[in-house]
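> Below is the sequence, then the predicted model.
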Amino acid sequence: MKIAVLGGGSWGTAISVLLSKKGYDINIWDRNTVLISDINEKRENLRYLPGILVPSNVYGVFEIEKALKDSKVIVIAVPSHAVRELCSRILPFVDKEQILVSLAKGIENSTLLRMSQVINEFFPNNRVAVLSGPSHAEEVSRDIPTAIVAASIDEDTANFVQDVFMTPKFRVYTNKDVIGVEIGGAVKNIIALAAGISDGLGFGDNTKAALMTRGISEIARLGVALGADALTFAGLSGIGDLIVTCTSMHSRNRRAGILIGQGKNVEEAVNEVKMVVEGINTTKSTYELANKIGVEMPITTELYKVLFEGKNAKYAVTELMLRDKKDEIKDVNQN
Ligand SMILES: NC(=O)C1=CN([C@@H]2O[C@H](COP(=O)(O)OP(=O)(O)OC[C@H]3O[C@@H](n4cnc5c(N)ncnc54)[C@H](O)[C@@H]3O)[C@@H](O)[C@H]2O)C=CC1
Ligand SMILES: O=C(CO)COP(=O)(O)O
């Protein structure tokens, strides 16, 4: 079977390596031709995933149309802000038998749509799935045991994607709750930025545990208001991804947060991380989405003010601590 992977950043490359080890032929495309040449000539993605051997059945392809030809599965591995542009670019070359799998974690700034909603706009007759969960590229590419979720509203599609990606080192669960899986994957990046800022400010493990716990609470509150199943947030794409992103030094979002907490501005932090920090754009879209549908998200709101209104991060923490008194369980829908 042939699989097209569109986006040769750290995650697109790691997934290509994983799938190639299962014997599939992988056509990987990226707009950055230098990294495609590196994959073909040096068998390594020097820019985004150095030190990992890219097997010979991963073919770097310069023309997107060629990457798609005869591919049963199309994996979308670009950052969320690029998904719409990518879909419009591939639209003329995709046929309705091809299955689209989204790896991007974000909520579109201009429309407040989830990534599978953007993809469905372009490909209403194709089968679409989302792959999400605690899975840093740096570990997946080294065969470190990982568990993740394949979500699709169509059970057969979720089962198919589960079979395609599953290996003894990469365990894939299915889930029909696409809304919950995508909201968990996107919004945890906001909490990871906040957890990083907390670390950068010199706060402790107590602070981070509080942010993570209250964080999953507001993620779930948003998700449920949008139609998700609350149980999804107790799963791999919910609390699972939140844990890995808030605690790992592989996390781009956490690392950016640490730098901001240490006093760098957003631009300096993003430049230093050198890879996509999805949580910045997602803070903006989630803040707007929560306001639009009337869901309270205190951490997201404070982070929005820090990132986009220049609020002092220490002062934001004080404001979170001094909010109205609450009951943890009783006020679960509004706190
Ligand atoms: N890196 C990881 O461990 C994981 C990443 N993800 C998600 O996967 C998505 C991709 O992330 P990474 O691979 O980490 O990003 P990255 O920063 O490593 O690479 C991004 C890639 O996208 C390409 N790109 C950027 N803007 C583009 C545009 N406008 N059009 C076409 N291509 C463009 C770049 O050339 C680059 O190759 C993100 O949504 C991220 O949240 C999900 C799980 C794990
Ligand atoms: O989503 C991820 C891991 O599951 C990647 O998160 P970071 O972008 O913070 O590295």
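Now that the structure is in, tell me what you want to look at. Ligands and ions are numbered 1, 2, ... in the order given.
> Leu131 versus the most centrally placed residue in the chain, what's the distance?
The centroid of the chain falls nearest to Lys105 when counting by CA atoms, centre = their mean (2.7 Å). Taking CB to CB, to the nearest Å as the measure, Lys105 falls 10 Å from Leu131. For the C-beta atoms, the positions are set from N, CA and C on the backbone; glycine is no exception.
> can you tell me which residues contact Pro55?
Val17, Ser20, Lys21, Arg43 (CB atoms under 8 Å, 6 or more residues apart in numbering).
> er, Val58 I mean
Ser16, Val17, Ser20, Ile26, Ile28, Ile39.
> Count the residues that sit near the nearest residue to the last one once chain neighbours are set aside.
To tie it back to what came earlier, the one meant is Ile39. Closest residue to Ile39 apart from its sequence neighbours, by CB to CB, 6 or more residues apart in numbering: Gly60 at 4.0 Å. Here the number of neighbours of Gly60 (other CB atoms under 10 Å) works out to 23.
> before we move on, what about the one 3 residues further on?
A total of 10 residues lie near Glu63 under the criterion other CB under 10 Å.
> ok, it - contacts?
Glu63 touches Trp29, counting by CB under 8 Å, 6+ apart.
> near ligand 1, which residues of this structure?
Contact residues (CB under 6 Å from any ligand atom) of the chain with ligand 1: 7-12, 30-32, 48, 77-80, 82, 85-86, 103-106, 135-137, 275-276, 278.
> which of those residues are close to ligand 2?
Lys105, Ser135, His136, Glu278.
> For stretch 76-90, give me every contacting residue.
Against stretch 76-90 from outside (CB under 8 Å, 6+ apart): 5-9, 11-12, 15, 64, 68, 74, 100-109, 115, 118-119, 121-123, 186, 276, 278, 281-282.
> Is stretch 233-248 in proximity to ligand 2?
Yes - Stretch 233-248 comes into contact with ligand 2 (CB under 6 Å from any ligand atom), by way of Asp241, Val244, Thr245.
> With respect to Lys311, which of those is nearest?
Thr245 (22.6 Å; CB to CB).
> and the residue of the chain found nearest ligand 1, what does it touch?
Among the residues of the chain, Gly9 lies nearest to ligand 1; the distance is 1.9 Å by CB to the nearest ligand atom. Taking CB under 8 Å, 6+ apart as the criterion, Gly9 is in contact with Asp30, Tyr48, Ala77, Val78, Pro79, Met275, Val276.
> Those, buried ones only, as a PyMOL selection?
This is the PyMOL syntax for the buried subset of the contacts of Gly9, where burial follows 16 or more other CB atoms under 10 Å:
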select buried, resi 30+48+77+78+79+275+276
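> Take the contacts of Gly9 and write them to JSON lines, including distance to Lys305 and pLDDT.
As requested, these are arranged in JSON lines below (distance: CB to CB, whole Å; pLDDT from 0 to 100):
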{"residue": "Asp30", "distance to Lys305": "35", "pLDDT": "98"}
{"residue": "Tyr48", "distance to Lys305": "32", "pLDDT": "98"}
{"residue": "Ala77", "distance to Lys305": "32", "pLDDT": "98"}
{"residue": "Val78", "distance to Lys305": "29", "pLDDT": "98"}
{"residue": "Pro79", "distance to Lys305": "24", "pLDDT": "98"}
{"residue": "Met275", "distance to Lys305": "25", "pLDDT": "94"}
{"residue": "Val276", "distance to Lys305": "23", "pLDDT": "95"}
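> can you put the contacts of Gly9 in CSV and add secondary structure?
Rendered in CSV, the data for those read as follows (DSSP: H, G, I helix; E, B strand; the rest coil):
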residue, secondary structure
Asp30, coil
Tyr48, coil
Ala77, coil
Val78, coil
Pro79, coil
Met275, coil
Val276, coil
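> of the contacts of Gly9, closest to Glu288?
Pro79 (18.8 Å).
> Now Ser285. Nearest residue, chain neighbours left out?
Nearest residue to Ser285 in three dimensions, chain neighbours excluded: Ile107, at 4.0 Å (CB to CB, 6+ apart).
> What about the spatially closest residue to Asp25 that is not a sequence neighbour, how many residues nearby?
Counting by CB to CB, 6+ apart, Asp25 lies nearest to Lys2, which is 4.9 Å off, once chain neighbours are set aside. Per other CB under 10 Å, the neighbour tally for Lys2 reads 15.
> got it, and the one 5 residues further on?
The criterion is other CB under 10 Å. On that basis, Gly7 has 27 neighbouring residues.
> what's near enough to touch it?
By CB under 8 Å, 6+ apart, the residues touching Gly7 are Trp29, Asp30, Val75, Ile76, Ala77, Val78, Pro79, Ala82, Leu86, Leu103.
> swap the cut-off to 7 Å and go again
Contact analysis of Gly7 by CB atoms under 7 Å, 6 or more residues apart in numbering lists Asp30, Ile76, Ala77, Val78.
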